[in-house]
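Chemist: Any chance you could fold what I've pasted below:
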Amino acid sequence: MNRLSFRETVSNLGLGTLFLTALGLTFLFQGSGQGEPSAEELIIYPATHKSAYPVCLNDTWAVWATSEVISAVPTRRGPDYLHRYYRQRLGEQDARYAYQAVYGSGVVPPVEIQESGLITHSTYNRLTWYDVDGQVHSPKEEIHGITSVYSDGVIQKKSHSTRDARGEHVVWIPFDGFQLDQQREFELAPIGKETQWVPYRNIRSGDVLLWMSPESLHLVDLSSQTEKVVPIGDPDLNEYERKHSRFTAFDDGLLLLDDDYVIDVQTGKRVTSYRDDKRIHGLFMMKHRVGYRIHEANLEAIDLSNPNAPPRKLHSFDKIAKLFPNDSGLLFWTGSEWKTIPWVQFARR
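Modeler: Below is the predicted model of the structure:
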């Protein structure tokens, strides 16, 4: 399946894509000691648990979490929370304890789960892998400035200071087993280039990572470590939008900016937008050149290649739900099980 970071996998019904990013200090409890779960807390049943919530999933597994306040006196950032993470195989009712972490209010480190069930947890300066058999792996060295984590590597923002200037650049570092392969480190954005590099301003599809400078789209093939630069050819995309628009979805050569602007990444030109098409509003996902939106509590599919095609209603919701993409479609938790809404493919002329 496509490798998806936590930022890319969570969307919230009625609110578009939900991005939870913040900086803060994270402490991981491993082995015995403070915060160790009781025997009753080693297995939970999401269908009956009062506060468990899904974090991420793939075609085989889902990661659930529970959170509770543990600090009696709030810190400067707010109260501290103990978060416990559980691994559930899709189709099964129980979720089993994987690990736990403590961090402050508003801090949500990236979590990634592979098809094998291996979970990657990233804090600002530490990577940790949690295997299904209970083994815990972590690189020997600390790594500061992690902005995104994937199953095969991380994006890191590095700061540099000299007597004459200060600056930063952004690099891709692949994994070699449970270590960082510094020998294959690849520069994504050099020092001095205006990148506006924040988690919601870069996005990945397969091996291609996409980011935007004020004048160009940058498509980086992480497998071959090559870059293609495409000038933005849409005069209607103003300077503010180029610098601050959120990267919501990237698939099949199309980039969705915010929830209403679609660009062809090979030409840099606008495909469609709310300026051209009243249907293009509130999109939170794209797949096979089909946009997905929530409209009046209904999930609808929008054919981006045919402006005359009416929206196709796929599902009606009676309560707020989170939608998670995988290879099969969009998944959501009904309260008792995972349900899949298959991807739509419109007939092409």
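
Chemist: tell me which element the closest residue to Pro190 other than its chain neighbours is part of?
Modeler: Closest residue to Pro190 apart from its sequence neighbours, by Cβ to Cβ, 6 or more residues apart in numbering: His169 at 5.1 Å. Yep, even glycine has a C-beta here, placed from its N, CA and C like the rest. Assessed by DSSP states H and E, His169 sits inside strand 166-176.

Chemist: mind checking how far the helix or strand just after that strand is from the chain centre?
Modeler: Toward the C-terminus, strand 166-176 is succeeded by strand 179-180 as the next helix or strand (DSSP H and E). On the basis of Cα atoms, centre = their mean, to the nearest Å, strand 179-180 sits 21 Å off its chain's mean C-alpha point.

Chemist: Kindly report the same for stretch 131-149.
Modeler: With Cα atoms, centre = their mean as the basis, stretch 131-149 stands 17 Å off its chain's centre.

Chemist: Glu40: what secondary structure?
Modeler: Using DSSP: H, G, I helix; E, B strand; the rest coil, the secondary structure recorded for Glu40 is helix.

Chemist: And it, how close does it get to Tyr97?
Modeler: 11 Å (Cβ to Cβ, to the nearest Å).

Chemist: the more surrounded of these two?
Modeler: Tyr97 (17 against 7; other Cβ atoms under 10 Å).

Chemist: can you pull up the bridge partners for the more buried one?
Modeler: For Tyr97, the beta-bridge partners are Tyr86 (DSSP bridges).

Chemist: Isn't it up against Leu42?
Modeler: Yes: the pair formed by Tyr97 and Leu42 meets the contact definition of Cβ atoms under 8 Å, at 4.6 Å.

Chemist: Kindly provide the distance from the nearest residue to Leu180 once chain neighbours are set aside to Ile143.
Modeler: Excluding the flanking residues, the one nearest Leu180 by Cβ to Cβ, 6+ apart is Ile173, at 5.0 Å. Between Ile173 and Ile143 the computed distance is 8 Å (Cβ to Cβ).

Chemist: same check, this time on Leu219
Modeler: From Leu219 across to Ile143, the span is 25 Å (Cβ to Cβ).

Chemist: Determine the three-state secondary structure at Ser224.
Modeler: Quick answer, by three-state DSSP: Ser224 is coil.

Chemist: Please tell me I have it right and Gly233 contacts Val265.
Modeler: No: applying Cβ under 8 Å, one finds Gly233 not in contact with Val265, separated by 11.2 Å.

Chemist: if we can go back for a sec, can you report how many residues lie near the residue nearest to Pro190?
Modeler: Using other Cβ under 10 Å, His169 is surrounded by 18 other residues.

Chemist: pLDDT on the helix or strand hosting Trp64, on average?
Modeler: Here Trp64, judged by DSSP H and E, is contained in strand 61-69. Throughout strand 61-69, pLDDT has a mean value of 93.

Chemist: ok, now stretch 156-163?
Modeler: Mean per-residue pLDDT for stretch 156-163: 71.

Chemist: cool, and stretch 114-123?
Modeler: When pLDDT is averaged over stretch 114-123, the result is 91.

Chemist: from here on, count from 39
Modeler: Fine by me, first position is 39 from now on; the one you just mentioned is stretch 152-161.

Chemist: List of residues touching it?
Modeler: Residues from elsewhere that reach stretch 152-161 (Cβ atoms under 8 Å, 6 or more residues apart in numbering): 39, 63-64, 66, 96-99, 101, 123, 125, 127, 136-137, 139, 141, 147-151, 165-170, 184, 187, 189, 192.

Chemist: Many thanks, I have nothing further to ask.
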